[in-house]
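Pasting the sequence and the predicted model now:
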Amino acid sequence: SGHEQSRGPQGCHHGQVLDPRLVAEARREELGYFVEKQVWFKRPRADAYKRQGKPPVTVKWVDVNKGDDINPRYPSRLVARQMKCMDSSGESFFAPTPPLESLRMVLSMATSSIGAWKVDQDPTSERRTQISLIDISRAYFNAKVDDDAPTFVQLPPEDADHGVLCAKLLRHMYGTRAAADGWQEEYSTMLVRHGFRQGKSCPNFFHHPTRHLVVSVHGDDFTSSGPSDAMDWFEESVAQRYAISIDPRMGPGPSDAKEGRVLNRVVRWCSTGIEYKADPHQVERLVAECGLEGANPLSTPWR
């Protein structure tokens, strides 16, 4: 048919047929970000051998349709294939991932008054408590690479210099070993400079003592709760540094959203409190993977 199937980061097939025209368009857009964010600059391939003693790291495209056939949404991501088993530098990298309790704490603080921490449930108040959901676009591109340990990658086939030149990374790229660690250092520094205090038991959780904001960071997702006016300041501060997308804030106001998705979990703001529901698609996936479509349900679990 001339179409290709989508592949996940490990090359696994999802069985979805992609439109090659839309894939090509998405790839051009992604490469445009590489130029806009100055992720790399081109160098002779010999530089890679001279600086790191081996050829440039290979790259691959990850193409998916996050929409459907009627309303397609094609994001393409160019990722490096820098694997630990092929890295002889001996360096070790660590990027923390917040526990689920970090997200639950943000939601709990939106409904709990504890000591100096007060929630405002007045729907007409300019300081009413709200929940903000921020997504950082291409987060890793915001973190600079340490020039003492340069990384060279191949150029993709769509680049005119593919096979002739390679690229030295100026900013972290998805698929490189230090990318997650570099991004964690970048956003942590930004938040601390804006007056936040980093959690002692969870470095992905932050608290602003004077603006009364709490923030949980999971990858490129910032989930926060606090007063509406403080949230205005926070979202503006983040937008000044990164390219972001913001979902409508949840809160008690008549114009506030009453439902949102956080890490594929459904969160609802109700008159009696906040409801939290696991990703509903997980059950559908489990049923499909077990071949149980159309099976009769049981009133008690099977043992």
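Happy to help now that I have it. Numbers count the residues shown, from 1 in each chain.

Can you name the residues that contact F205?
By Cβ atoms under 8 Å, 6 or more residues apart in numbering, the residues touching F205 are 98, 102, 105, 198-199, 214-217. All C-beta spots, glycine's among them, are computed from the backbone N, C-alpha and C.

What sits closest to it if chain neighbours are left out?
Of all residues not flanking F205 in the chain, G199 sits nearest, at 3.7 Å (Cβ to Cβ, 6 or more residues apart in numbering).

correct me, but that neighbour touches S216?
No. In this structure, G199 is not within contact of S216 by Cβ atoms under 8 Å, at 9.2 Å.

okay, the two: which has more neighbours?
S216 (26 against 18; other Cβ atoms under 10 Å).

where does the more buried one land on pLDDT?
pLDDT for S216: 97.

hang on, the earlier thing: would you reformat the contacts of F205 as CSV and include secondary structure?
CSV is the format used below for the contacts of F205 (DSSP: H, G, I helix; E, B strand; the rest coil):
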residue, secondary structure
P98, coil
S102, helix
M105, helix
Q198, strand
G199, coil
V214, strand
V215, strand
S216, strand
V217, strand
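
quick check, nearest of those residues to P156?
Ranked by distance to P156 (Cβ to Cβ), those are led by V217 at 29.8 Å.

now the nearest residue to the closest one once chain neighbours are set aside: how far from R268?
Distances taken as Cβ to Cβ, 6+ apart put N204 closest to V217, at 4.8 Å, once the chain neighbours are dropped. Separation of N204 from R268 (Cβ to Cβ, to the nearest Å) stands at 24 Å.

swap in G253?
From G253 to R268 the distance is 15 Å (Cβ to Cβ).

Tell me which of those two has more neighbours.
The residue with more neighbours, out of G253 and R268, is G253; 18 against 14, by other Cβ under 10 Å.

sec struct for the more buried one, please.
coil.

Report the contact partners of it.
123-124, 128, 130, 228.

What remains of those residues if I keep only buried residues?
Among the contacts of G253, those buried by neighbour count (16 or more other Cβ atoms under 10 Å) are 128, 130, 228.

How about the backbone phi and psi for the last one?
S228 has phi and psi values of phi -60, psi -40 when expressed as degrees, to the nearest 10.
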